[in-house]
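Asker: Show me the folded form of this:
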Amino acid sequence: MSGNPDVTQFNDDELVPPHWLNSEFIASVLGHHEKEPVVKVIDLTFGPASAKGDHYASIMFRAKVKYTNKKGEFAKSLIIKTMPEAEGHKKEMIGGSPIFETEVAMYSKVLPEFERILRQAGDSTKLFTNCIYHSLEPHQVLIFEDLVEMGYFVLRDRDATLDEIHRVYFKLAKWHAASLKVQNEQPDFLEPYTHGLFEMPHVFNEPFMKTGMEFFVDLLGKEPELMKYKPYFESIKEDFLDRLMAEWKVSRNNPKADPYRVLCHGDLHLRNIMFKYKDPGSFEDCMLLDFQISNLFPLTFDLAYSIYMLMEPDHRWKHYDDIIDYYFFVLEDVLKKIGYKGKMPTQSGLWKRFNQHKYYEFFLISTFLPLMWALKDKLFDFGDLLQNEEKRRKCSYSEGYIKEVKILLARLDRFGKLKA
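Answerer: From the prediction side, this is the model:
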């Protein structure tokens with residue numbers, strides 16, 4: 001790494017690149033991409049591409065390279081994404097899952113097809129960043145143009161604005177619309193993508209999956225305003241994960257001819273989005289990232305996940321309905337413009353679908369939301385949270401999280417979701 005950065009803000013396994021990530025490899029990648037052999041790599045430095053908490057199931061480096069070819073001397077910044085090779089929790093958690101194969105296919109096959117559909121309708125929306133290289137053997141690696149060099153940034157030091165959140169749903173709706181058209185016209189094209197979060201082979205062995213509801217019920221019993229909800233959650237605590245998986249499988253096995261079944265992003269949280277402004281007051285673009293668990297599923301699962309993992313607390317409390325309605329407005333508009341011939345989803349049908357996955361919402365509130373609050377408050381390292389039971393328990397008692405639970409459970413109760 002160049003300079004003297006504070007290494008504590010980065011993941012340990014992203015401080016030193018693997019031995020194969022060297023000048024020879026980078027020269028080969030650039031030569032192939034530019035169709036002009038690299039004569040010499042003059043300088044090459046590696047550093048972490050992201051901060052702690054931005055991601056976990058991969059390793060990412062930023063490579064700064066200076067090189068020459070027959071056309072002259074050049075400099076590039078590249079983002080390199082690969083899989084954990086060192087033994088440890090990361091490698092164990094994702095072992096045996098097809099997440100990297102999925103992401104390679106997304107960049108090389110699926111998203112280019114989605115963009116082709118939009119372009120035919122005169123829509124120039126960019127759905128993904130340029131991938132200049134991908135490989136599964138001998139190493140799993142994806143290499144991208146560096147979005148930071150193009151003016152994009154990840155939100156870390158402030159909350160997202162309501163306008164920025166709307167922009168994300170604007171792009172997600174276009175993604176979902178294109179996937180519906182693909183399914184209608186090319187029924188087999190997206191069928192391989194059925195590996196979501198709960199299909200990862202080792203995910204239910206993770207301690208955080210087992211303790212989330214337990215800590216949640218404990219919290220309900222200690223907060224006077226929440227005690228009235230404890231009997232219901234106590235009654236489902238012991239077999240909660242079984243209920244969750246049963247609900248998940250019903251959604252997975254829904255008939256294919258379903259106007260709400262789309263290719264979901266699968267992991268739409270705020271650190272998987274980069275924003276760009278022409279100047280401080282003029283929004284230009286947002287870019288969705290990280291397609292490792294993109295999968296065919298009801299679109300309401302993407303939306304539910306994003307409500308708890310993408311929206312700011314104030315958005316969840318005050319603007320939740322309006323944001324989802326805005327998403328549907330864009331979805332419907334784009335479906336018409338791209339010439340979708342299948343059965344159209346409806347706004348009432350979308351809201352009805354939200355009522356069909358209550359255990360998934362309970363999971364997000366009890367298990368994922370306290371982790372997001374811990375990251376928001378910068379209390380713990382994400383890797384430590386996944387593996388340290390006591391730190392996870394403390395997350396369930398943060399002031400911000402408790403305030404949210406009071407609001408969220410009152411809303412779910414009004415919708416009749418807290419009944420057997």
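Asker: who are the neighbours in contact with residue 374?
Answerer: Neighbouring residues of residue 374 by Cβ atoms under 8 Å, 6 or more residues apart in numbering: 380, 385, 391, 394-395, 398. For every residue, glycine as well, the C-beta is placed using N, CA and C.
Asker: what sits up against stretch 206-225?
Answerer: 93, 203-204, 226-227, 229-230, 233-234, 236-237, 240-241, 362-363, 365-368, 370-371, 385-387, 389, 392-393, 395-397, 402, 405-406.
Asker: Next SSE downstream of the one helix or strand in the chain whose mean pLDDT sits lowest?
Answerer: Among the helical and strand segments of the chain, the one scoring lowest on mean pLDDT, DSSP states H and E is helix 89-94, with a mean of 66. Remark: after helix 89-94, the chain's next helix or strand is helix 99-105, criterion DSSP states H and E.
Asker: Tell me the buried residues in that next one?
Answerer: Using 16 or more other Cβ atoms under 10 Å as the test for burial, helix 99-105 gives 99-100, 102-105.
Asker: Looking at the residues you listed, which one is closest to residue 301?
Answerer: Each of the buried residues of helix 99-105 was checked against residue 301 using Cβ to Cβ; the closest is residue 102, at 16.2 Å.
Asker: the longest helix in the protein is where?
Answerer: Counting by DSSP state H, the longest helix found in the chain is helix 162-185.
Asker: Show me the strands in the stretch 151-300 of the chain, by range?
Answerer: 152-153, 261-264, 273-279, 282-288, 295-298 (DSSP state E, counting those that start in this stretch).
Asker: go on, the stretch 1-150 of the chain?
Answerer: So, for the stretch 1-150 of the chain - with DSSP E, counting those that start in this stretch - the strands run 40-48, 59-69, 72-82, 131-135, 141-145.
Asker: what's the domain layout of the chain?
Answerer: 7-82, 96-128+151-414 (automatic domain parsing).
Asker: can you tell me the distance between the two ends of the longest one?
Answerer: Going back to what we said before, that points to domain 96-128+151-414. Domain 96-128+151-414 has an end-to-end distance of 41 Å (Cα to Cα, to the nearest Å).
Asker: who's in contact with stretch 32-40?
Answerer: Taking Cβ under 8 Å, 6+ apart as the rule, stretch 32-40 contacts 27-28, 30-31, 67-71, 132-133.
Asker: Pull out the buried residues from that stretch.
Answerer: For stretch 32-40, a neighbour-count test (16+ other Cβ under 10 Å) marks 33, 38 as buried.
Asker: With residue 77 as the reference, measure out to the closest residue to residue 30 other than its chain neighbours.
Answerer: Spatial nearest neighbour of residue 30, chain neighbours left out: residue 38 (5.2 Å); criterion: Cβ to Cβ, 6 or more residues apart in numbering. According to Cβ to Cβ, to the nearest Å, residue 38 and residue 77 sit 16 Å apart.
Asker: swap in residue 216?
Answerer: Going from residue 216 to residue 77 by Cβ to Cβ gives 43 Å.
Asker: Between the two, which is the more surrounded one?
Answerer: residue 216 (24 against 15; other Cβ atoms under 10 Å).
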